[in-house]
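1. Here is the input, now give the coordinates:
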Amino acid sequence: MIMDNFEKVEKLREKANVSFEEAKAALEEANGDLLDAMILLEKQGKAEEKKETYSTKDDNTDLLVVDQPEKKERKRGNAFTDKLKVLWHKSCENSFVVEHKDEVIVNIPIWVFILILILTWHVTLIAMIVALFLGCRYSFKGVDEMKAANDVCEKVSEAAEKVKEGYNNML
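-> Predicted coordinates:
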């Protein structure tokens, strides 16, 4: 029985779990040989093994397919950009807040705070340390619960208070 090109592409696509385009290209490179095309796809890391799980029913009937994973959609390069989009979205929804005596002095989106830190880190860090000793407190607010970051900010504020008290007691 001789298979036509479409049947070969369909068979390879099904076995290797690749797109029609990838199957056709592999078959062309392998001069129409299905086995060589499959080996080529495996070497390129494109062929995915289909996994199937089978189970029998209690009444000894025929095997029944329980779980057959669906073909994975190939997304090359999208994972990184998707993560960047999520980070950007979170940095816009949440903000960095500076308070002094329960009055908000600064409330800026996190992306603005990061940009300021990157561009003027030496001045910003000195200003933040001085502000700590002047009684300012830092926190992160927004839709995400940033308990860990806020705990760190609180501990830094408490440490600055202890240093300030120790200095005042020495005088």
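2. Strands of the chain, residue ranges please.
-> 53-55, 64-67, 95-100, 103-109, 136-141 (DSSP state E).
3. Save those as TSV, and put in distance to Glu22 too.
-> C-beta: built from backbone N, CA, C; applies to glycine. Listed next are the strands of the chain as TSV, based on distance: least, Cβ to Cβ, whole Å:
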stretch	distance to Glu22
strand 53-55	26
strand 64-67	25
strand 95-100	46
strand 103-109	43
strand 136-141	45
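4. Give me the domain ranges for this structure.
-> The chain breaks down into these domains under automatic domain parsing: 5-67, 81-170.
5. in the protein, which ranges drop under the pLDDT threshold?
-> For the chain, residues meeting the criterion pLDDT under 70 lie at 1-3, 49-77.
6. If we use 80, what do you get?
-> 1-4, 47-78, 145, 171 (pLDDT under 80).
7. quick check: longest helix of it.
-> Secondary structure of the chain per DSSP state H: the longest helix is helix 147-170.
8. between that one and strand 136-141, how big is the angle?
-> Here helix 147-170 points in a direction 170 degrees away from that of strand 136-141 (axes from the mean of the first three to the mean of the last three Cα atoms, to 10 degrees).
9. Roughly how far does the residue nearest to Gly135 when sequence neighbours are not counted sit from Cys136?
-> Leaving out its chain neighbours, the residue that sits closest to Gly135 by Cβ to Cβ, 6 or more residues apart in numbering is His100, at 5.9 Å. According to Cβ to Cβ, to the nearest Å, His100 stands 5 Å off from Cys136.
10. Ala47 too?
-> 59 Å.
11. How about Leu87?
-> Leu87 is 27 Å from Cys136, where distance means Cβ to Cβ.
12. Ala79 now?
-> From Ala79 to Cys136 the distance is 39 Å (Cβ to Cβ).
13. So these two - more neighbours on which side?
-> Cys136 (18 against 9; other Cβ atoms under 10 Å).
14. The more buried one contacts Val104, doesn't it?
-> No - in this structure, Cys136 is not within contact of Val104 by Cβ atoms under 8 Å, at 10.7 Å.
15. Common neighbours of these two, please.
-> Val98 (Cβ atoms under 8 Å, 6 or more residues apart in numbering).
16. What separation is there between Val106 and Lys85?
-> Taking Cβ to Cβ, one finds Val106 at 26 Å from Lys85.
17. which of these two has more neighbours?
-> When neighbours are counted by other Cβ under 10 Å, Val106 and Lys85 differ, and Val106 comes out ahead with 15 against 11.
18. Distance from stretch 118-134 to the middle of the chain?
-> Here stretch 118-134 is found 30 Å from its chain centre; the criterion is Cα atoms, centre = their mean, to the nearest Å.
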